[in-house]
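Peer 1: sequence below, structure please.
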Amino acid sequence: MRSPTVDVSGGRKRPKDRKAQIAQVAAELFCARGYHGVGLEEIAAAVGISAPAVYRHFENKYAILVFATRGLVDSALTATSRPPEEDGWATLEDQLEALARLATTHRDTSGLYQWEWRYLTPEHRAEFGDDLTTLLRRLATPLSAARPALTPADAAALARAALSIFGSLGTHRAAIAKTRAEQALRQAAYAVLHDEPPTPAVAPARRAADPGLRSGSRREIVLAESIQLFREHGYHAVNIEDIGAAAGINASSVYRYFPGKANLLAAAFYRASERVSEATATALAGATNDVEALHRMIESYVDLTFERSDLVSVYLAENNNLPESDRHELRKVQRLHVEEWVRLLGAVRPDLPTPEVRVLVHAAINLVTDLSRWVRFDRGTGMDRHLVRLMTTVLGLS
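Peer 2: I've put the predicted structure just below:
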C-alpha cells in the first residue's frame, strides 16, 4: 500500500508518515547489520531521499534508534492492551495470539529488543525497561489468574520466557508461512507458561570473567576481559583502552597479543565455535538414539551457556562486526550447528514440518541465551535444570 502524501514545494509529494518510514527502514538496517554498521547515508538511500532530508525529521542517528525502539515497544503495548473482558482481564490466549501476530509483523525489527537496546543511554534504557515491565505484567496477570498457585515472581519469570520465544523469530531468516509461524510460537509459549515455575533467581550482576579463559596466559586474560566487555556494552562501545584497563595492563600492551579489536572479536568467535563443536560432538558420541542425542544436546547447550555465558552471548550478537574474512566461515559453522538440532528434532518428531522444526529450534536456543541477559547464571539457584526443562518443553519433548 502506498503511503499517504501531501503537497510540498515544486509540486513534489512527500509521504505523511515519512518520519515513521525512515525509522522503519533504519530499524531493519540496524537489526541486519548492527547499529554502528549503518550510516545515515545508507538509511537515506534505502528510503529514497537525501541525507540532509533525514535531518528534517531526526537530529542524528541515535534519535532514529530511540524513535524506532519506542515504536517497537509501543506496538507491543498496543497489541496487548485489549479492552478488559467481563472478568476484568484479557485472556491468556488473547495475549498469546496478539504477541504471535506481533512477532511475525515485526520480525525484521525485533532485534532492537534482542541486542540493539545496549546502545541506548541509561535514561532511555530505563524507559525501555519500564515498558518491558508493563508488557510482562500484561502476560503475567492472566497467567496468574489461570494458575493461582504461582507466585508473582514465578509468573513474571515464565512470562519473560514466553516473550523470548516470540522474540526468537527475529534471530533467524528461516522461511515459514506467517500463519504457521504464529501457530508454532503460540503453542510453544503456551506450553512454557504451563510448565513448572523456575527456582528463584537474582537480577543480573557484573559477572566475573570466564574462569576457563582467565586461568592462563596474559593473552587469555585479555581475551576473557574483552569478551565480557563486548557482551555488556556491545562491540562498538568498547575500545582498546577499556580492554587494557580491565586486564590490568596499558592499552599499548594489548597490541602485543592482538593486532586490533577486530582480531579480539574474531578470536572470541573461533573460541566459541570450538566450544560449541566440542560440546555437540561429545553429546552425539554418547547417544544411542536420536531421542537421547537431542536430550544430551539440550543438556550440553545449557551447560555451555552456564560455563561460558559471556562467550555464547557475544557469539550470537556480534556476527555483523566480524572481519569479512572470518564472517562467512563462522556463519557457516553456526548454520551447521543449528542444522544438527533441526536434523535431530525432525527425526524425533517426524510429523512436524521442517519449517516448524527450525522455528522451534531457534526458539529453544534463544530462550536460554535471552534469559541469560536477565538472570545470573548460578548453578546454586537451580536455573540450569529449569532451562533444560524449558528447552525440552519448547521442542515438544516433555
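Peer 1: where along the stretch 51-200 of the chain do the helices fall?
Peer 2: 51-54, 61-79, 92-105, 111-114, 122-146, 152-167, 178-193 (DSSP state H, counting those that start in this stretch).
Peer 1: now for the longest one, which elements pack on it?
Peer 2: Packing partners of helix 122-146 (3 or more CB pairs under 8 Å, 6 or more residues apart in numbering; DSSP states H and E): helix 61-79, helix 92-105, helix 152-167. From N, CA and C alone the C-beta is placed, and that goes for glycine too.
Peer 1: return the most buried member of the ones you listed.
Peer 2: helix 152-167 (a mean of 23; mean count of other CB atoms under 10 Å).
Peer 1: related to what we said a few turns ago, out of the helices of the stretch 51-200 of the chain, which is closest to Q24?
Peer 2: Using CB to CB as the measure, helix 61-79 is the one of the helices of the stretch 51-200 of the chain that comes nearest Q24, at 7.3 Å.
Peer 1: from the chain's centroid, how far away is the closest one?
Peer 2: Relative to its chain's centre, helix 61-79 lies at 16 Å (CA atoms, centre = their mean, to the nearest Å).
Peer 1: reformat the helices and strands packed on helix 122-146 into JSON lines and put mean pLDDT and distance to Y235 next to each item.
Peer 2: Output for the helices and strands packed on helix 122-146, formatted as JSON lines (pLDDT from 0 to 100; distance: least, CB to CB, whole Å):
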{"stretch": "helix 61-79", "mean pLDDT": "94", "distance to Y235": "16"}
{"stretch": "helix 92-105", "mean pLDDT": "95", "distance to Y235": "26"}
{"stretch": "helix 152-167", "mean pLDDT": "92", "distance to Y235": "21"}
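Peer 1: could I get the ones you listed as JSON lines with distance to R271?
Peer 2: Formatted as JSON lines, the helices and strands packed on helix 122-146 follow (distance: least, CB to CB, whole Å):
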{"stretch": "helix 61-79", "distance to R271": "30"}
{"stretch": "helix 92-105", "distance to R271": "32"}
{"stretch": "helix 152-167", "distance to R271": "25"}
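Peer 1: of all the ones you listed, which lies closest to E127?
Peer 2: Ranking the helices and strands packed on helix 122-146 by proximity to E127 (CB to CB) places helix 61-79 first, at 8.0 Å.
Peer 1: hmm, who's touching that closest one?
Peer 2: Residues from elsewhere that reach helix 61-79, judged by CB atoms under 8 Å, 6 or more residues apart in numbering: 19-20, 22-24, 26-27, 30, 35, 38-40, 43, 54, 58, 98-99, 101-102, 105-106, 109-110, 112-113, 116-117, 119-120, 124, 128, 131-132, 134-135, 138.
Peer 1: what's the domain layout of this protein?
Peer 2: 15-193, 211-394 (automatic domain parsing).
Peer 1: gap between the most centrally placed residue in the chain and T369?
Peer 2: The residue lying closest to the centre of the chain (CA atoms, centre = their mean) is Q114, at 3.5 Å. Computed as CB to CB, to the nearest Å, the Q114 to T369 distance reads 9 Å.
Peer 1: correct me, but A27 touches T109?
Peer 2: Yes: counting by CB atoms under 8 Å, T109 is a contact partner of A27 at 4.1 Å.
Peer 1: can you lay out the helices of the stretch 51-200 of the chain as CSV showing distance to T354?
Peer 2: Below are those laid out as CSV (distance: least, CB to CB, whole Å):
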stretch, distance to T354
helix 51-54, 41
helix 61-79, 29
helix 92-105, 18
helix 111-114, 24
helix 122-146, 29
helix 152-167, 19
helix 178-193, 11
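Peer 1: and the residue nearest to G111 when sequence neighbours are not counted, what does it touch?
Peer 2: Of all residues not flanking G111 in the chain, C31 sits nearest, at 3.4 Å (CB to CB, 6 or more residues apart in numbering). Contacts for C31 (CB under 8 Å, 6+ apart) come out as 108-112, 116, 170.
Peer 1: 7 Å instead, please
Peer 2: Contact analysis of C31 by CB atoms under 7 Å, 6 or more residues apart in numbering lists 108-109, 111-112, 116, 170.
Peer 1: out of these, which end up buried?
Peer 2: 109, 111-112, 116, 170 (16 or more other CB atoms under 10 Å).
Peer 1: quick check: H362 touching G170?
Peer 2: No: taking contacts as CB atoms under 7 Å, H362 lies outside contact range of G170: 9.7 Å.
Peer 1: do you know how far the residue nearest to G111 is from G167?
Peer 2: Taken as CB to CB, the span from C31 to G167 is 12 Å.
Peer 1: related to what we said a few turns ago, for T305, which of the helices and strands packed on helix 122-146 is the nearest?
Peer 2: Nearest of the helices and strands packed on helix 122-146 (CB to CB): helix 152-167, 13.1 Å.
Peer 1: who's in contact with that closest one?
Peer 2: Helix 152-167 is contacted by residues 99-100, 103, 110, 113-114, 136, 139-140, 143-144, 185, 188-189, 192-193, 195, 197-198, 200, 363, 366-367, 370-371, 374, 390, 394 when judged by CB under 7 Å, 6+ apart.
Peer 1: starting at the chain centroid, how far to it?
Peer 2: 14 Å.
Peer 1: quick check: angle from it to helix 92-105?
Peer 2: Calculated by axes from the mean of the first three to the mean of the last three CA atoms, to 10 degrees, helix 152-167 forms an angle of 30 degrees with helix 92-105.
Peer 1: and helix 152-167, C-alpha only, in PDB?
Peer 2: Only the C-alpha atoms of helix 152-167 are listed here, as PDB (Å, rounded to 0.1, in the frame of the first residue of the first chain):
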ATOM      1  CA  PRO A 152       4.200 -13.200  41.300                       C
ATOM      2  CA  ALA A 153       7.900 -13.800  40.700                       C
ATOM      3  CA  ASP A 154       7.300 -17.200  39.100                       C
ATOM      4  CA  ALA A 155       4.600 -15.800  36.800                       C
ATOM      5  CA  ALA A 156       6.900 -13.000  35.700                       C
ATOM      6  CA  ALA A 157       9.700 -15.400  35.000                       C
ATOM      7  CA  LEU A 158       7.500 -17.600  32.900                       C
ATOM      8  CA  ALA A 159       6.200 -14.600  31.100                       C
ATOM      9  CA  ARG A 160       9.700 -13.500  30.300                       C
ATOM     10  CA  ALA A 161      10.500 -17.000  28.900                       C
ATOM     11  CA  ALA A 162       7.400 -16.700  26.700                       C
ATOM     12  CA  LEU A 163       8.500 -13.300  25.400                       C
ATOM     13  CA  SER A 164      11.900 -14.900  24.500                       C
ATOM     14  CA  ILE A 165      10.100 -17.400  22.400                       C
ATOM     15  CA  PHE A 166       8.200 -14.800  20.400                       C
ATOM     16  CA  GLY A 167      11.400 -12.700  20.100                       C
END
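Peer 1: no further queries at this time; thank you.
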